[in-house]
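In: structure of the sequence below:
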Amino acid sequence: MLDVNSPYSYVLWCRDFAESSIVARADGSPCGFISGYVRPGSPDTLFVWQVAVDQRFRGRGLARGMLDELAARASARGCRHVEATVTPGNTASTRMFESFARDHGCDLTRAPLFGAEHLPDGHEPEVLFRIGPLART
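Out: As a prediction, this is how the structure comes out:
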């Protein structure tokens, strides 16, 4: 489940990180989004922060399609890698990032990033997925 953030934070995100995020629409209404940013200390890396798809649109490849489009845009601007954190229990995200790496001919490495001791309320650890290098588009 995604953390609940204030509407204000999403409005700021849309203003400041529009080039590294994507929204999918159906009949004029949002049905999915990926929020991401280019890492300040690693300008060749797109970090994917959240992936969300409306329940009515799940299982149709929408998240993967958004990720493909976002990665193509980032690659055109010089990004060579995609990073994301995934909790061990999030099999849907794990499968999506694995298939993305495989289909794009990229390596995928996993490394612990934040242990449960760094996160509140019994939150699972966050494992860093690093995918790349991306082909130039």
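
In: measure residue 79 to residue 42 for me?
Out: 9 Å (Cβ to Cβ, to the nearest Å). No exception for glycine: its C-beta is placed from N, CA and C like everyone else's.

In: so which of those two has more stuff around it?
Out: Legend: neighbour count by other Cβ atoms under 10 Å for residue 79 and residue 42, higher for residue 79 (26 against 13).

In: the strands in this protein, which residues?
Out: 22-26, 29-38, 45-53, 81-86, 107-114, 126-132 (DSSP state E).

In: out of these, which one sits most buried?
Out: Neighbour counts (mean count of other Cβ atoms under 10 Å) averaged over each of those peak at strand 81-86, with a mean of 22.

In: from the contact counts, what lies against it?
Out: Contact partners of strand 81-86 among helices and strands, from 3 or more Cβ pairs under 8 Å, 6 or more residues apart in numbering; DSSP states H and E: strand 45-53, helix 62-76, helix 91-103, strand 126-132.

In: just put the ones you listed in a markdown table and tack on mean pLDDT and distance to residue 19.
Out: Shown next, in a markdown table, are the helices and strands packed on strand 81-86 (pLDDT from 0 to 100; distance: least, Cβ to Cβ, whole Å):
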| stretch | mean pLDDT | distance to residue 19 |
| --- | --- | --- |
| strand 45-53 | 96 | 10 |
| helix 62-76 | 97 | 7 |
| helix 91-103 | 97 | 19 |
| strand 126-132 | 97 | 19 |
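
In: can you redo the ones you listed as CSV with distance to residue 30?
Out: Converted to CSV, those look like this (distance: least, Cβ to Cβ, whole Å):
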stretch, distance to residue 30
strand 45-53, 9
helix 62-76, 11
helix 91-103, 19
strand 126-132, 25
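
In: related to what we said a few turns ago, which one of the strands of the chain lies closest to residue 94?
Out: strand 81-86 (5.6 Å; Cβ to Cβ).

In: partners of the closest one in the sheet?
Out: strand 45-53 (parallel), strand 126-132 (antiparallel) (DSSP bridges).

In: what's the closest non-adjacent residue to the residue nearest to the spatial centre of the chain?
Out: In the chain, the residue lying closest to the centroid (Cα atoms, centre = their mean) is residue 48, at 2.8 Å. Ranked by Cβ to Cβ, 6 or more residues apart in numbering and with sequence neighbours excluded, the top spatial neighbour of residue 48 is residue 84, at 4.1 Å.
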